[in-house]
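**Student:** A structural model of the following input is requested.
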Amino acid sequence: MQRKPHRARGLPLLAAGLVAFACAAHAQTPAPPRGADKAPDSLRPLLGAWDLERVGASRKCTITLGIEPAGNGRQVRFPATCRRALPLLDQVAAWTVTPEGAPRLDDSSGKTVLAFSRTGTEAGLQGKTADGQQYWLDPKGYPRAARRAPSNPAESAAIAAQRPTAVDPARAPAADSLPGRYSVMRQQNREACKLVLTPGPLDRAPAALEGPCQDTGLTIFDPTGWRYAAGRLTLVARKGHSLDLVFEGGQWRKDPAVGAPLMMRKLP
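**Tutor:** Residues are numbered from 1 along each chain as shown. This is a model prediction of the structure:
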């Protein structure tokens, strides 16, 4: 007598395999680095993985800023292949924090190899070596430890200042008044670059820097588009991240007003 195949016998194995796959996928979900929940608030937003790349060269590597002590700072980790991709990392032994709250890569003696600074955008840090090589440190959505709840009124006020400003669209400039040439400033009445907003769809119209730009952060940000909605002007970088501005006192300013300031005034 011919035996019929027992199809039901394979179902438990298939189910077990699916469960194992789901568990493995869950286990691979990235999490904030170990010990980040006990780190000072000044360190918590910096801990974890970042993509480090040299500007103008197709050289990139993922580095991890850890909480563990190392030399004169804290541990920085990266794959061995990074030393070939970015020879600068061969000098790096630890990382510390600059007075402005940005990370700094140091050598074994505590001397700065590469210090980063805020760019006026929300999505990356710029750095320059002593010989002028420029680098970009990109968070790229890696998980970060959340800040602790504020413990006093002063801390609560500082956190509130980091929230977006409420805008009344009825009092904001008309959309058709936005295209044109702008003076971009870090300090009041001191132009760093010129920017041109070209007419187009309000969900993504062209934008571009005009002529030489003296600001490294803006050059790296490299705006290629802009959009306008509910009284908020958004500049879109070549890499896709963005920067919001609100209109105050006859000019646009970065919002929230944290990190390096940025203002834009329309030229005649």
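**Student:** can you give me the strands for the stretch 1-150 of the chain?
**Tutor:** 48-54, 60-70, 73-77, 94-97, 103-106, 112-118, 125-128, 134-138 (DSSP state E, counting those that start in this stretch).
**Student:** Identify the residues contacting the third one?
**Tutor:** Applying C-beta atoms under 8 Å, 6 or more residues apart in numbering, the contact partners of strand 73-77 are 43, 63-70, 92-96, 105-106, 110. C-beta: built from backbone N, CA, C; applies to glycine.
**Student:** hey, where'd the helices end up in the stretch 151-268 of the chain?
**Tutor:** Assigned by DSSP state H, counting those that start in this stretch, the helices in the stretch 151-268 of the chain fall at 153-160, 216-221.
**Student:** of all the strands of the stretch 1-150 of the chain, which lies closest to R265?
**Tutor:** strand 112-118 (21.4 Å; C-beta to C-beta).
**Student:** which parts of the closest one are buried?
**Tutor:** V113, L114, A115, F116, S117, R118 (16 or more other C-beta atoms under 10 Å).
**Student:** lowest-confidence stretch among the helices of the stretch 151-268 of the chain?
**Tutor:** Mean pLDDT values for these show the minimum at helix 153-160, a mean of 51.
**Student:** low-scoring stretches of the stretch 101-250 of the chain, by residue?
**Tutor:** Confidence mapping of the stretch 101-250 of the chain against pLDDT under 70 gives the ranges 119-123, 143-163.
**Student:** Do I have it right that G200 meets P206?
**Tutor:** Yes - between G200 and P206 a contact is recorded at 5.8 Å, counting by C-beta atoms under 8 Å.
**Student:** Buried among the contacts of strand 73-77? Need that as a selection in ChimeraX.
**Tutor:** Per 16+ other C-beta under 10 Å, the buried members of those correspond to this ChimeraX selection:
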select :43,63,64,65,66,67,92,93,94,95,96,105,106
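**Student:** if we can go back for a sec, which one of the buried residues of strand 112-118 is nearest to R54?
**Tutor:** L114 (10.3 Å).
**Student:** quick one: the residue lying closest to P199 once chain neighbours are set aside from L243, how far?
**Tutor:** What sits nearest to P199 in space, not counting adjacent residues and going by C-beta to C-beta, 6 or more residues apart in numbering, is P179, at 4.3 Å. Taking C-beta to C-beta, to the nearest Å as the measure, P179 and L243 are separated by 18 Å.
**Student:** So for these two, which sits in the more crowded spot?
**Tutor:** For P179 and L243, the more surrounded residue by other C-beta atoms under 10 Å is L243, and the numbers stand at 21 against 16.
**Student:** ok, the more buried one to P45 distance?
**Tutor:** 18 Å.
**Student:** follow-up on the earlier one: would you list the strands of the stretch 1-150 of the chain in CSV and tack on distance to A229?
**Tutor:** As requested, these are arranged in CSV below (distance: least, C-beta to C-beta, whole Å):
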stretch, distance to A229
strand 48-54, 29
strand 60-70, 33
strand 73-77, 40
strand 94-97, 36
strand 103-106, 33
strand 112-118, 25
strand 125-128, 28
strand 134-138, 26
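**Student:** Can you check which of the ones you listed gets nearest to L218?
**Tutor:** strand 125-128 (9.8 Å).
**Student:** Distance from that closest one to the middle of the chain?
**Tutor:** Centroid separation between strand 125-128 and its chain, computed with C-alpha atoms, centre = their mean, to the nearest Å, is 12 Å.
**Student:** Tell me the buried residues in that strand?
**Tutor:** Result for strand 125-128 [16+ other C-beta under 10 Å]: buried residues L125, Q126, G127.
**Student:** Which of those residues sits closest to D138?
**Tutor:** The closest of the buried residues of strand 125-128, once distances to D138 are taken by C-beta to C-beta, is L125, at 8.2 Å.
**Student:** Could you give the bridge partners of the closest one?
**Tutor:** R118, L137 (DSSP bridges).
**Student:** who touches it in this structure?
**Tutor:** Per C-beta under 8 Å, 6+ apart, neighbours of L125: A102, P103, F116, S117, R118, T119, W136, L137.
**Student:** mind redoing it with 6 Å?
**Tutor:** A102, F116, L137 (C-beta atoms under 6 Å, 6 or more residues apart in numbering).
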